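**Q** have a look at this prediction, sequence included:
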Amino acid sequence: MPPALAGYQRSWLRADLLAGVTLAAVAIPECMGYSSIAHVPVSAGLYTIILPAVVFALVGSSRLMVVGADSATAALLASGIAGLGVVGLQPDSTQWLQWACLIAIVTGGMLAIARVLRLGFLGDFLSTAVLIGFLAGTGLTVLTGQIPGLLGIPGTDGQLWTRWWNVVTHLGDIRWGAVAFGAISLAVLIVGARFAPRVPVAVIVVVASIAMVSAFGWSDGVPVVGEVSGGLPGFGWPEGLAVTDVGKAATVALGCALVIITQSAATARSFAQRHGRSADINRDILGLSGANLIAGFGGTFVVNGSPTKTELLDSERGRTQVANLVMAAITLMVVVFAGSALQNLPHAVLSAIVALIAVRLIDLDGARRLWRMRRIEFGIAAMTAVIVVIFGVQIGIVAAMAVSLLELVRRQYRPERFVLGVGSGGTRRYETAVPGQQSLPGLIVFRYDADLFYANAGRFADDVMDLVRTAPDRVKWLVLDTSAMSDVDYSASTVLKDLIDYIHSYGAHFVLAGVDPELQRTLEVEGLLADLDPDHVFVTVGAALRAYLVAHPEATPPGWEPMDPGPGRTS
């Protein structure tokens, strides 16, 4: 039994069938739109939700995640292929599609390696701020790419300003029939999403526009999709490419694999937790590997876990991957029996669908929350978006990973630092550490909210020494609250040893509080506990505080109730 279908109950079948039908109604026009982003035939976009969806349903572990074409990976794929530098390679050509297939195969191989190495944790290395910025930049890039289609003028690839310059220089070539189709489609899609969210408005728009073009013979005046190769997808190695081309494809596939791991891990984990289940990210990576391999060999492009379609499936009360199998079956019937009808679909209608998808990628609410809560993370999101817009999606994903890691290092390098304040009656509160503070006369309780490692150890020692030197009263105890500290590396241990010596030379005691067993073992191995009085290692800060007041009753604050010092050295 596939993991995603384990424990299946017959009572779930009706909900899965209905959810699968609704999902197909939304996914079919969306994936046709994604094919235009990737510059491949419409049929290739539909193929992404047939065999790849089936493979993931049978191999992956997520009960709900919908796998298929995705805007972020489609945009990354298009910009990546354009940057390969292959002579004569043109968008929307057969050769372009073959390269898209090869990149999907290589992406599948990379995901298989990621599964063997259990690299699912990489999905945690893109922060929410970076993801907001990355998707916003991708949305702006994709949205810009749809302007020519909405105006019925030739499009172009390249930098953002190149695309806008192309629009400006072709304003005299606007085809007003395309503008009419695009404007009406946008209006209907927006109104439908607002007032009839459960109605498959995109399908209605697609069918109605095809019917109108076919009935009135408008295909000469309005740019249409043209001939669509229907039928079952073929299977085999991408035609005209050799194994030696894998290296060139790998430059694009690496970015795709990183986006897939990150986005799919976040999607699978989010919906699993929502329903009280745990997510097996590494098993899902295996499913995504198989889905991309079958996509490449089956004549289509990179697939990814889709958060928007998964949200739709969940809102329609779908229970398992059976709903996705229903979606795949319906899409297969459309490809086999209705492929020829798609040739009269106006490009402007596809552009309208994709434009609204691109707008949904721009999370304004998330950006506003970042602005209110953490300005620095808002800046990171904005910087990531600008990098994607200026340098492209491929460089953007690498930059996003780098920015996330730099932000992680920054937080560890400059963590929050506090001094415990003790008021009358023994009330305690942590205050941001600044020189001149003390907890009680002769006592400083210092908390450092990060592990100690080679990069931040020097700053940590400087902060402690500044507090000791500027304390209002001569320091007798310096208590280090380690409750937020889980490790001290070798470089930091030498700095900490020197700091302990400094505190002792100052005539004060260096005391540890809140030491967990793992940190205690580390400090013992590094020989740091040998430099401390065994009775000056406490399980809690409260125990250390009570011990200090027992030793120095003159520092007792008003209203303090004498208590037993509690346990000393941790065991």
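**A** Received it, and whenever you're ready, just let me know what you need. Numbering: from 1, shown residues only.

**Q** the helix or strand harbouring Phe418: which residues count as buried?
**A** Per DSSP states H and E, Phe418 falls inside strand 417-422. Using 16 or more other Cβ atoms under 10 Å as the test for burial, strand 417-422 gives Arg417, Phe418, Val419, Leu420, Val422. Every residue, glycine included, has its C-beta placed from N, CA and C.

**Q** how about residues contacting that strand?
**A** Under the criterion Cβ atoms under 8 Å, 6 or more residues apart in numbering, residues 428-433, 437-440, 444-449, 463, 467, 481, 541, 545, 557 lie in contact with strand 417-422.

**Q** helix or strand right after it?
**A** Per DSSP H and E, the first helix or strand lying C-terminal to strand 417-422 is strand 428-432.

**Q** ok, Asp414 - how many residues close by?
**A** To be clear, residue 414 is Arg; Asp isn't right here. Using other Cβ atoms under 10 Å, the number of residues around Arg414 comes to 12.

**Q** my bad, should have said Ser505
**A** Residues lying near Ser505 (other Cβ under 10 Å) number 8.

**Q** from Ala75, how far off is it?
**A** Distance, Ser505 to Ala75, using Cβ to Cβ, to the nearest Å: 61 Å.

**Q** how about low-confidence regions in the stretch 301-450 of the chain?
**A** 393-394, 397, 424-426 (pLDDT under 70).

**Q** go with 50
**A** Across the stretch 301-450 of the chain, nothing is flagged by pLDDT under 50.

**Q** report the buried residues of the helix or strand hosting His504.
**A** Here His504, judged by DSSP H and E, is contained in helix 490-505. Neighbour-count burial for helix 490-505, counted by 16+ other Cβ under 10 Å, picks out Ala492, Ser493, Val495, Leu496, Leu499, Ile500, Tyr502, Ile503.

**Q** need those in TSV (columns: pLDDT and distance to Leu111).
**A** Formatted as TSV, the buried residues of helix 490-505 follow (pLDDT from 0 to 100; distance: Cβ to Cβ, whole Å):
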residue	pLDDT	distance to Leu111
Ala492	91	36
Ser493	92	39
Val495	93	41
Leu496	93	42
Leu499	93	46
Ile500	93	48
Tyr502	94	51
Ile503	93	51
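
**Q** just put those in JSON lines and tack on distance to Val213.
**A** Below are the buried residues of helix 490-505 laid out as JSON lines (distance: Cβ to Cβ, whole Å):
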{"residue": "Ala492", "distance to Val213": "69"}
{"residue": "Ser493", "distance to Val213": "74"}
{"residue": "Val495", "distance to Val213": "73"}
{"residue": "Leu496", "distance to Val213": "74"}
{"residue": "Leu499", "distance to Val213": "77"}
{"residue": "Ile500", "distance to Val213": "81"}
{"residue": "Tyr502", "distance to Val213": "82"}
{"residue": "Ile503", "distance to Val213": "82"}
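
**Q** re earlier: between strand 428-432 and the strand holding Phe418, find me the angle.
**A** Going by axes from the mean of the first three to the mean of the last three Cα atoms, to 10 degrees, strand 417-422 is angled at 150 degrees with respect to strand 428-432.

**Q** starting at the chain centroid, how far to strand 417-422?
**A** Mean C-alpha position of strand 417-422 versus that of the full chain (Cα atoms, centre = their mean, to the nearest Å) differs by 35 Å.

**Q** direction included, what does it pair up with?
**A** With DSSP bridges as the test, strand 417-422 is paired with strand 428-432 (antiparallel), strand 443-448 (antiparallel).

**Q** of all those strands, which lies closest to Ala4?
**A** Ala4 lies closest, by Cβ to Cβ, to one member of the strands paired with strand 417-422: strand 443-448, at 43.8 Å.

**Q** show me how far that closest one is from its chain's centre.
**A** Worked out by Cα atoms, centre = their mean, strand 443-448 lies 36 Å from the chain centre.

**Q** go through whatever helix or strand comes next after it and flag the buried ones.
**A** Going down the chain from strand 443-448, the next helix or strand is helix 457-470, by DSSP H and E. Within helix 457-470, the residues that count as buried by 16+ other Cβ under 10 Å are Ala457, Phe460, Ala461, Asp463, Val464, Met465, Leu467, Val468.

**Q** who's in contact with Val224?
**A** So Val224 contacts Val213, Gln343, Asn344, Leu345, Pro346, His347 (Cβ under 8 Å, 6+ apart).

**Q** Val179 is nearest to which of the strands paired with strand 417-422?
**A** Among the strands paired with strand 417-422, strand 428-432 comes nearest to Val179, with 57.6 Å by Cβ to Cβ.
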